[in-house]
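1. Could you look at this predicted model? Sequence included:
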Amino acid sequence: MSEHPDVIATRAAYDTVADDYADLLRDDLAESEFDRAMLDVFAEQIRRAGGGAVGDLGCGPGRIAGYLADRGLDVVGIDLSPRMVEAARRDHPAVRFEVASMAALPFGDAGLAGALAWYSVIHTPEERQDELYAEFARVVRPDGRLLLAFQVGDDVVHLTHAYGHDLDLHTRRQQPDRVRERLVGAGFERLAELVRQPVPPEKSPQAYVLARRV
């Protein structure tokens with residue numbers, strides 16, 4: 001089956017910026033107390049439920065997977081970009097990373113205790129978002145957890161230059177109420193939601209949603 005043009009463009013963009021992206025964001029969590037708080041709650045709930053494999057879906061250079069692994073989780077990172085996976089394996093050699101698409105995850109049905117999509121649903125067009133959430137629901141076991149992070153808004157941003165490179169990448173901001181609808185439709189229930197104001201150079205509010213697979 002042929003790939004959607006947005007998938008090809010997203011892979012090409014992140015292959016292009018992988019090394020500079022990894023360098024720029026390597027220590028970003030140290031300055032992001034809200035990010036750490038949501039990740040810590042996610043990790044605590046996974047541990048409290050008995051643990052199990054956790055998928056970092058759209059893991060980029062592995063900084064979130066590495067953070068969660070340091071907190072005792074059994075993390076597997078997947079990313080569309082081979083160059084991002086190379087950077088992740090280099091920077092976090094103790095964590096397993098694979099090249100794969102979020103639309104066709106390399107996990108069995110109910111194979112994960114939890115999953116997170118950390119600013120990675122933002123490149124999938126509106127008309128295919130429901131399919132993405134259905135795939136998340138397929139791989140997360142009943143009572144498992146799903147953590148999402150995304151920019152809040154209604155617009156589509158076309159990036160032509162970022163991280164020191166020319167590229168062609170679309171990012172789609174999301175509305176929390178629409179995300180909640182998609183979660184419920186896919187078989188999740190919302191446990192917690194946080195929306196914070198932007199911190200420069202961010203240009204829009206940032207949202208985090210923690211959900212349980214029912």
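-> Right, received. Where do you want to start?

2. shaky segments in this protein?
-> By pLDDT under 70, the low-scoring segments of the chain are 1.

3. And the helices in it, which stretches?
-> Using DSSP state H, the helices found in the chain span residues 5-25, 33-48, 63-70, 82-91, 129-139, 176-186.

4. Of those helices, which is nearest residue 196?
-> When these are compared for distance to residue 196 using CB to CB, the nearest one is helix 33-48, at 5.2 Å. (C-beta placed from N, C-alpha, C; glycine too.)

5. the inter-axis angle of the closest one versus helix 63-70?
-> Interaxial angle, helix 33-48 versus helix 63-70 (axes from the mean of the first three to the mean of the last three CA atoms, to 10 degrees): 50 degrees.

6. Off-centre distance for helix 33-48?
-> Centroid separation between helix 33-48 and its chain, computed with CA atoms, centre = their mean, to the nearest Å, is 14 Å.

7. Quick one: residues in contact with it.
-> For helix 33-48, contacts defined as CB atoms under 8 Å, 6 or more residues apart in numbering pick out 28-29, 52, 54, 64, 67-68, 71-73, 113-114, 116, 145, 147, 149, 192, 194, 196, 206, 208, 210.

8. From those, list just the buried residues.
-> Buried members of the contacts of helix 33-48, counted by 16 or more other CB atoms under 10 Å: 54, 64, 67-68, 73, 113-114, 116, 145, 147, 149, 206, 208, 210.

9. so how far does stretch 73-86 reach from one end to the other?
-> Its first and final residues considered, stretch 73-86 spans 21 Å by CA to CA, to the nearest Å.

10. no wait, stretch 46-57
-> 16 Å.

11. in that stretch, what's buried?
-> Buried residues in stretch 46-57 (16+ other CB under 10 Å): 46, 53-57.

12. starting at the chain centroid, how far to it?
-> Distance of stretch 46-57 from the chain centroid (CA atoms, centre = their mean) equals 15 Å.

13. got it, and stretch 146-156?
-> On CA atoms, centre = their mean, the centre of stretch 146-156 falls 10 Å from that of its chain.

14. ok, now how distant is residue 202 from residue 149?
-> 12 Å (CB to CB, to the nearest Å).
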